[in-house]
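>>> Fold the following.
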Amino acid sequence: MRVLGRVLLSRWVIGLLLLILVPPLILAVVEIWPHLFHVPDLHEDQDIVTGLGVIMIGVGVALEERHVLREVFGLLEGPHEAWEQMVDHVCHKYGAGQLVLGLFAEICIEMIKIPNTIIYTGEVDDYLIIGAMVFMTIGAILLARGGITLLFLLPGRDAALPPAAAPKRHGAH
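Next comes the predicted model:
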């Protein structure tokens, strides 16, 4: 299980996964855009955004919890723990972004699904889908940036960590 955890939680697998998720988000925006203001029934477009929003949320939670997953797989306190904590920090940061953006995309779609007697969205459904697509586009940019950071911009395990990334000691001045 430790080997599986080490592989799945490696910066290489996570970075590659993030980059693999970018094209579907971009393709969804390209697919949905021509329908706006021209197609009266946007149920399929709503389903596309909902599905991708759930993926964004799931990826965000998994990224945010990389440290906990390392603990589950017994990968804490290894010889490169300071470096792994830096990777955890990067994953947490980009994971929080994915989680929030995915939730906001979902909120836009759910507002459409709520009956107009409760939340009237009548003539603004297309605008809500545009809002969801904006969140998805920003999410795609963050995924790309996070993947590139993990794959190419982090120093290697044996490189000296920059002072900001080094673990802080309590009580040190």
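
>>> Report the helix or strand with the lowest average pLDDT across the chain.
Lowest by mean pLDDT, DSSP states H and E among the helices and strands of the chain is helix 2-8, with a mean of 88.

>>> Need the three-state assignment for residue 120.
Under DSSP: H, G, I helix; E, B strand; the rest coil, the three-state class of residue 120 is coil.

>>> count of neighbours near it?
Using other C-beta atoms under 10 Å, residue 120 is surrounded by 11 other residues. (C-beta placed from N, C-alpha, C; glycine too.)

>>> same question, residue 40
Using other C-beta under 10 Å: residue 40 sits among 6 other residues.

>>> which helices and strands sit right next to the least confident helix or strand of the chain?
Packing partners of helix 2-8 (3 or more C-beta pairs under 8 Å, 6 or more residues apart in numbering; DSSP states H and E): helix 66-72.

>>> Can you list the neighbours in contact with the helix it packs on?
By C-beta atoms under 8 Å, 6 or more residues apart in numbering, the residues outside helix 66-72 that reach it are 5, 9, 14, 62, 76, 84-85, 87-88, 91-92, 95.

>>> one more time with 10 Å
Applying C-beta atoms under 10 Å, 6 or more residues apart in numbering, the contact partners of helix 66-72 are 1, 5-6, 8-9, 11, 14, 62-63, 65, 75-78, 81, 84-85, 87-92, 95.

>>> Just list the residues touching residue 99, thanks.
Contacts of residue 99 (C-beta under 10 Å, 6+ apart): 56-64, 139.

>>> Distance check, residue 127 against residue 134.
In this view, residue 127 and residue 134 are 10 Å apart by C-beta to C-beta, to the nearest Å.

>>> list the residues that contact both of those two?
What both residue 127 and residue 134 touch, as defined by C-beta under 10 Å, 6+ apart, is the set residue 108.

>>> confidence score at residue 46?
pLDDT for residue 46: 93.

>>> And for residue 158?
59.

>>> Longest helix in this protein, please.
helix 81-113 (DSSP state H).

>>> Work out the gap between it and the centre of the chain.
For helix 81-113, the separation from the chain centroid amounts to 4 Å (computed by C-alpha atoms, centre = their mean, to the nearest Å).

>>> Nearest residue to the residue nearest to the spatial centre of the chain in space, ignoring adjacent ones along the chain?
Closest to where the C-alpha atoms of the chain average out (C-alpha atoms, centre = their mean) is residue 98, at 3.0 Å. Excluding the flanking residues, the one nearest residue 98 by C-beta to C-beta, 6 or more residues apart in numbering is residue 60, at 3.3 Å.
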